[in-house]
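Student: Sequence first, predicted model second:
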Amino acid sequence: MNLTTKVLLGMAAGIAIGLIFNIFGLNAEGTFINEYIVNGFFHVVGKLFVNSLKMLVVPLVFFSLICGVCGIGDIRLLGRIGTKSFVLYMLTTAVAIATAIMIAGGLGIGEGMNIPTDTEFTGKEAPPLSQVLIDIVPTNPIQSMANGDMLSIIFFAILVGVSILLVGKKAKSLVSSVEVLNEVMMKMVTIVMSVAPYAVFCLLAKAIANLGLDLLWQLLGYVLVLIATLLFHLFVTLQSILVIFSRLSPLTFLSKIRNAQIFAFSTSSSNATIPVTLRTVTEKMGVNNSVASFTVPFGATINMDGTAIMQGVATVFIANVYGVELGVAGYLTVVLMSVLASIGTAGVPGVGLIMLSMVFSQVGLPLEGIGLILGVDRLLDMIRTAVNVSGDAVVSSVVAKSEGKLDLEVFNDPQAGVLSAGATHIDEETEKELAATVAATHDK
Ligand code: ASP
């Protein structure tokens, strides 16, 4: 059985157990299941797994981006990759939110609805765009790495890469070392991924057991329209972009992106999924590391199609519930604001609501409105994060293909990059050889 099948089984089993706990009330406050299983065992195993993914993000992005810049062959290409991916990321986000507003507006969701809310929502401030721009250049790169500030890490890594190229031949051994370090990090991704079936089971069992399923019924219209729009974007809009710009097969793409989608779904974080997305686009889809090492972390930070769709549907829904008429100008502001908000906020769980509060204050919608949808956001966050990483992978493939940096043979090979059971097996011979090398160095 390959890893994806195992992870899918873990996912299905996790959802089933979560539903059983939830529906039969076994997860009530104070029960053994709630304390020791759901918020004990499942919580700890799930957190350990998400932590191990997050642990890899910064070093992986740093080393792979340096390798990417050094391996690019033509430094002007860097500018082109940057421009193309930025334009495509902004464009897909704008299309996503416009689609959402049109579908939700057309269906008139929330009209005539009167939902009492006792959940207060106090919006956290998202940073202003000027600060986002200023922060791209880190005053202290170590601090940026410690904080996981992706844009400044990207900036610093590119600068290191370019400087290595400028140093030239003398830096050759450094480049090989960084390349090996990158490979080591990728191996760590493989190790972490090999425990995914069990971790995904725990993450999903906990998330579903804790979901407010009654709330889901109350807000069924909102939830269904949002999910339908997310699926439309994933299967129609993104796949059309893939076909129009790069003539790649959507079916192959969809079968290859599954792993990254499952990880995004289980962790609700595009950022934590970076290692898996990077591995998927390079090893399964054949995108050259010189493109992927930039487009993937960049996309995880600035590209959030699924989140934009949530904002579009939520705006229409809450405007209708409160009887506020936004008009064309209001909705255009919503599109612009959410595209801008996506640049400044990183892909972490629940950040979409913070962005939403930014949009609401801009168009004068009541912030308490967000309290209405808070209860169902956990589940929707999982689904939209899967759409977010799919968008990153589509743009990475399109940009790579347009620059001749996509290996079609790998893309079309169904077995490419598939993790087998032996992927984390240590070869005894190699083990002995490496031990001997270390011993020899010490003896010198
Ligand atoms: N969780 C999403 C992500 O990481 C962001 C959000 O919509 O809250 O991409």
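Tutor: Yep, it's here.
Student: Near the ligand, which residues of this structure? Just list them.
Tutor: 268-270, 304, 307, 347-352, 381, 384-385, 388 (C-beta under 6 Å from any ligand atom). In short, each C-beta sits where N, CA and C put it, glycine included.
Student: Of those, which is the most crowded?
Tutor: Neighbour counts for the residues of the chain next to the ligand peak at residue 304, which has 36 neighbours (criterion: other C-beta atoms under 10 Å).
Student: Which phi and psi values does the closest residue to residue 283 other than its chain neighbours adopt?
Tutor: Excluding the flanking residues, the one nearest residue 283 by C-beta to C-beta, 6 or more residues apart in numbering is residue 417, at 3.2 Å. In terms of degrees, to the nearest 10, the main-chain angles of residue 417 are phi 70, psi 10.
Student: Neighbours of residue 417, how many?
Tutor: 16.
Student: do the same with residue 146
Tutor: 10.
Student: start at 772 instead
Tutor: That works, and once the first residue is 772, the last one we named lands at residue 917.
Student: residues in contact with the helix or strand harbouring it?
Tutor: Taking DSSP states H and E as the definition, one finds residue 917 inside helix 912-918. Residues outside helix 912-918 that contact it (C-beta atoms under 8 Å, 6 or more residues apart in numbering) are 829, 833, 909, 923, 924, 927.
Student: just the strands in the stretch 872-1021 of the chain please.
Tutor: Along the stretch 872-1021 of the chain, counting by DSSP state E, counting those that start in this stretch, no stretch forms strands.
Student: Output the below-cut-off pLDDT ranges for it.
Tutor: The stretch 872-1021 of the chain contains residues with pLDDT under 70 at 885-898.
Student: now the helices: where do they sit in it?
Tutor: For the stretch 872-1021 of the chain, the helices defined by DSSP state H, counting those that start in this stretch cover 900-906, 912-918, 921-938, 943-965, 967-980, 984-989, 991-1003, 1009-1017, 1021-1038.
Student: what's the most buried one of those helices?
Tutor: Comparing the helices of the stretch 872-1021 of the chain by mean neighbour count (mean count of other C-beta atoms under 10 Å), helix 967-980 comes out on top with a mean of 25.
Student: list the helices and strands that one packs on?
Tutor: Packing contacts for helix 967-980, counted by 3 or more C-beta pairs under 8 Å, 6 or more residues apart in numbering; DSSP states H and E, involve helix 774-794, helix 814-841, helix 1021-1038, helix 1148-1173.
Student: Highest mean neighbour count across these, which stretch is it?
Tutor: By mean count of other C-beta under 10 Å, the helices and strands packed on helix 967-980 have helix 1148-1173 as the most buried, with a mean of 26.
Student: From the centroid of the chain, which residue is nearest?
Tutor: residue 1041 (1.8 Å; C-alpha atoms, centre = their mean).
Student: what is the mean pLDDT for stretch 1129-1138?
Tutor: In this model, stretch 1129-1138 has an average pLDDT of 86.
Student: got the end-to-end distance for it?
Tutor: Stretch 1129-1138 has an end-to-end distance of 9 Å (C-alpha to C-alpha, to the nearest Å).
Student: residue ranges of the helices in the stretch 1072-1215 of the chain, please?
Tutor: 1076-1092, 1098-1115, 1122-1134, 1139-1145, 1148-1173, 1179-1183, 1199-1214.
Student: Reformat these as CSV; add distance to residue 847.
Tutor: Formatted as CSV, the helices of the stretch 1072-1215 of the chain follow (distance: least, C-beta to C-beta, whole Å):
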stretch, distance to residue 847
helix 1076-1092, 29
helix 1098-1115, 24
helix 1122-1134, 34
helix 1139-1145, 45
helix 1148-1173, 14
helix 1179-1183, 24
helix 1199-1214, 40
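Student: one step back: can you tell me how far the nearest residue to the residue nearest to the centre of the chain once chain neighbours are set aside is from residue 828?
Tutor: Leaving aside its sequence neighbours, residue 1041 sits nearest to residue 1118 (C-beta to C-beta, 6+ apart; 2.9 Å). As judged by C-beta to C-beta, to the nearest Å, residue 1118 and residue 828 stand 11 Å apart.
Student: any low-confidence regions in the stretch 1022-1171 of the chain?
Tutor: Scanning the stretch 1022-1171 of the chain for pLDDT under 70 picks out no residues.
Student: try 90 this time
Tutor: 1092-1101, 1108-1122, 1124-1126, 1128-1147, 1149 (pLDDT under 90).
Student: Quick one: residues contacting residue 1187.
Tutor: Residues near residue 1187 by C-beta under 8 Å, 6+ apart: 1054, 1055, 1057, 1181.
Student: In helices, which of those fall?
Tutor: Among the contacts of residue 1187, the ones falling in helices (DSSP state H) are residue 1181.
Student: For the ligand, state which of the contacts of residue 1187 is nearest.
Tutor: Nearest to the ligand among the contacts of residue 1187 is residue 1055, at 20.5 Å by C-beta to the nearest ligand atom.
Student: Spatially, what comes nearest to that closest one if we skip its sequence neighbours?
Tutor: Residue 1055's closest residue in space is residue 1188 (C-beta to C-beta, 6+ apart), at 3.7 Å.
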